[in-house]
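J.: From the sequence below, what's the structure:
(one chain, ligands or ions: 2)
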Amino acid sequence: MKRNDPCWCGSGQKWKKCCAPVAPPNELTDRYKSQYQIILKSPEQIEGIRRACQFSAQVLRDTCAHAKAGITTDELNTFAADQMRAAGATAAALGYGQPPYPKGICISLNEVICHGIADERPLQDGDIANIDVACVLDGYYGDCSAMITIGSIDEEKQRVVDVARIGLERAIAILRPGALVSDVGEAIESYAEDQGCSVVRDFVGHGVGLHFHEAPQVPHCRNRVNIPLVEGMTFTIEPMINAGVVEGIVDPLDGWTVRTADGKPSAQWEHTVLITEGGCEVLTSGSK
Ligand code: MF3
Ligand code: CO
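T.: Numbers count the residues shown, from 1 in each chain. Ligands and ions are numbered 1, 2, ... in the order given. Okay, here's the model as predicted:
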């Protein structure tokens with residue numbers, strides 16, 4: 001029986017629309033591409049993306065371990081960039097967007113929500129910072145980020161660091177074929193709300209793997225993106241959690257640094273995940 005043949009059951013429909021057991025992977029791949037612009041990855045592509053993700057996770061882990069009071073964010077950026085160069089990888093952030101992002105990794109301190117730019121400022125006691133590492137290895141992309149804390153931090157900073165990390169964990173826990181993209185935002189925002197924190201709306205998770213930013217967008221707040229997750233999807237979840245108001249302001253001078261409108265702290269953790277038959281694989285596992 002061919003997929004377009006009239007079904008043997010006599011319904012008059014094509015077999016593929018009627019009694020065919022399940023759509024073969026390539027048909028689902030075509031449908032996700034045309035309907036959602038989502039690229040479902042082949043086993044070979046997954047292998048390449050997994051390597052890029054594991055490498056990104058390693059650079060992130062080492063860079064976080066290198067972060068100490070007194071070291072400048074520029075020194076951290078150079079440390080990460082050197083590791084990438086040595087491995088024949090490149091930084092996805094460098095030159096990205098408009099104006100071109102000027103550094104290899106993003107370092108976002110305290111009230112900076114995301115896209116902070118490394119400079120001469122030394123880390124100091126009481127700082128929190130997000131370090132975001134996205135590497136291109138053999139043409140494949142990995143993307144992850146984590147928080148570092150310097151010395152003793154206040155209760156408000158500790159709360160956003162923890163809520164962002166646990167929010168990400170809770171979102172990962174619901175991933176499986178058949179769950180919806182919107183279930184991610186529900187898992188994160190319901191928890192953040194309970195903890196008295198706000199969830200940033202202006203920046204979202206994203207498909208990743210063959211390109212830096214692919215479909216779908218993955219909001220971290222409650223939303224109506226009712227796309228079912230299917231095997232072979234690779235995307236990031238990267239919640240940004242604020243202690244105060246949800247609004248962010250882009251620095252008018254550098255065009256990148258996003259700060260909370262009220263100056264209160266913000267935190268973010270990020271993984272790249274793969275949807276599998278049994279649930280998901282955290283491709284950037286071991287990052288911190
Ligand atoms: N994880 C961030 C993102 O997906 C990394 C941003 S890099 C930058 O957007 F170049 F856009 F800043
Ligand atoms: Co990302």
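J.: give me phi/psi at the nearest residue to T72 once chain neighbours are set aside?
T.: Nearest-residue entry for T72: P122, 5.1 Å, with adjacent residues in sequence omitted and distances by Cβ to Cβ, 6 or more residues apart in numbering. (Glycine included, C-beta is placed from N, CA and C.) P122 adopts backbone torsions of phi -80, psi 150, taken as degrees, to the nearest 10.
J.: quick one: contacts for P122?
T.: By Cβ atoms under 8 Å, 6 or more residues apart in numbering, the residues touching P122 are A69, G70, I71, T72.
J.: Check the gap between the last one and ligand 2 for me.
T.: Relative to ligand 2, T72 is positioned 24 Å away (Cβ to the ion, to the nearest Å).
J.: try the first one
T.: Counting by Cβ to the ion, the gap from A69 to ligand 2 is 28 Å.
J.: ok, how many other residues are close to that residue?
T.: 12 (other Cβ atoms under 10 Å).
J.: picking up where we left off before, could you save the contacts of P122 as a markdown table and add columns showing pLDDT?
T.: Formatted as a markdown table, the entries for those read as follows, by pLDDT from 0 to 100:
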| residue | pLDDT |
| --- | --- |
| A69 | 98 |
| G70 | 98 |
| I71 | 98 |
| T72 | 98 |
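J.: Just the closest of these to P252, please.
T.: Distances from P252 to these, taken as Cβ to Cβ, are shortest for T72 (23.9 Å).
J.: ok, and for stretch 241-257, which residues are buried?
T.: The neighbour-count criterion (16 or more other Cβ atoms under 10 Å) identifies I241, N242, A243, G244, V246, G248, W256, T257 as the buried residues of stretch 241-257.
J.: List the contacts of it.
T.: Under the criterion Cβ under 8 Å, 6+ apart, residues 97-99, 101, 108, 112-113, 115-117, 156-157, 159-160, 163-164, 167, 192, 197-202, 258-268 lie in contact with stretch 241-257.
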